[in-house]
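In: What follows is a predicted structure for the sequence shown.
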Amino acid sequence: MAGGLDDEVLESLRLELVSHRDELRAEIQAQGAEPDSDDVTFVEDAGFADRSHRTEERSRVISLVRALRVNLIDIDRALSRIDDGTYGRCERCGDPIAYERLEAIPWAALCIEHARRSGDR
């Protein structure tokens, strides 16, 4: 029982994490990137009228893909913590993370107090 969570709750959170991971991977691919790579491919000048617009759009896509990848890494880490039995415990203090926090943000690695201190979600 990880972090004081019973097996049923833990399995429910695991399924939610896996589902969210799959959605993130699909969104990253839809943006022209590979989920496990830092590369982003672009269709050559796909209908953009000018070079500055292309550059702006590429920058937007790269930023979006980076944010999606960070979330994907957080989810993979949470799944690893489930596997090793440390899920549901704050990575800073070791105290249990409130179930309500895990329900809202299943990939949370910090208790609410440490998340506030570090500015994390």
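Out: Yep, that arrived.

In: got any ranges where the protein has weak pLDDT?
Out: Residue ranges of the chain with pLDDT under 70: 1-3, 41-50, 120-121.

In: can you give me the helices in it?
Out: Under the criterion DSSP state H, helices of the chain are mapped to 7-30, 51-84, 99-104, 112-118.

In: What residues sit buried inside the first one?
Out: Neighbour counts over helix 7-30 (16 or more other C-beta atoms under 10 Å) mark 9-10, 13-14, 16-17, 20-21, 24-25, 27-28 as buried. (Each C-beta comes from the backbone N, C-alpha and C, glycine too.)

In: Contacts for that helix, please.
Out: Applying C-beta atoms under 8 Å, 6 or more residues apart in numbering, the external contacts of helix 7-30 come out as 1-2, 5, 34-35, 65, 68-69, 71-72, 75-76, 78-79, 82, 87-88, 99, 102-103, 106-107.

In: So what's the gap between that helix and the chain middle?
Out: Distance, stretch centre to chain centre, for helix 7-30: 9 Å (C-alpha atoms, centre = their mean, to the nearest Å).

In: now the angle from it to helix 51-84?
Out: Counting by axes from the mean of the first three to the mean of the last three C-alpha atoms, to 10 degrees, helix 7-30 lies at 160 degrees to helix 51-84.

In: Alpha carbons of helix 7-30, as PDB, please.
Out: The C-alpha coordinates for helix 7-30 follow below in PDB (Å, rounded to 0.1, in the frame of the first residue of the first chain):
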ATOM      1  CA  ASP A   7      -5.000  -1.000  -3.400                       C
ATOM      2  CA  GLU A   8      -8.300  -0.100  -5.100                       C
ATOM      3  CA  VAL A   9      -7.600   3.700  -4.900                       C
ATOM      4  CA  LEU A  10      -4.000   3.100  -6.100                       C
ATOM      5  CA  GLU A  11      -5.200   1.100  -9.100                       C
ATOM      6  CA  SER A  12      -7.800   3.800  -9.900                       C
ATOM      7  CA  LEU A  13      -5.000   6.500  -9.800                       C
ATOM      8  CA  ARG A  14      -2.700   4.300 -11.900                       C
ATOM      9  CA  LEU A  15      -5.400   3.800 -14.600                       C
ATOM     10  CA  GLU A  16      -6.000   7.600 -14.700                       C
ATOM     11  CA  LEU A  17      -2.200   8.200 -15.000                       C
ATOM     12  CA  VAL A  18      -1.900   5.700 -17.900                       C
ATOM     13  CA  SER A  19      -4.900   7.200 -19.700                       C
ATOM     14  CA  HIS A  20      -3.500  10.700 -19.300                       C
ATOM     15  CA  ARG A  21      -0.100   9.500 -20.500                       C
ATOM     16  CA  ASP A  22      -1.600   8.000 -23.600                       C
ATOM     17  CA  GLU A  23      -3.500  11.300 -24.300                       C
ATOM     18  CA  LEU A  24      -0.300  13.300 -23.900                       C
ATOM     19  CA  ARG A  25       1.600  11.000 -26.200                       C
ATOM     20  CA  ALA A  26      -1.100  11.300 -28.900                       C
ATOM     21  CA  GLU A  27      -1.100  15.100 -28.500                       C
ATOM     22  CA  ILE A  28       2.700  15.300 -28.800                       C
ATOM     23  CA  GLN A  29       2.500  13.200 -32.000                       C
ATOM     24  CA  ALA A  30      -0.400  15.400 -33.300                       C
END
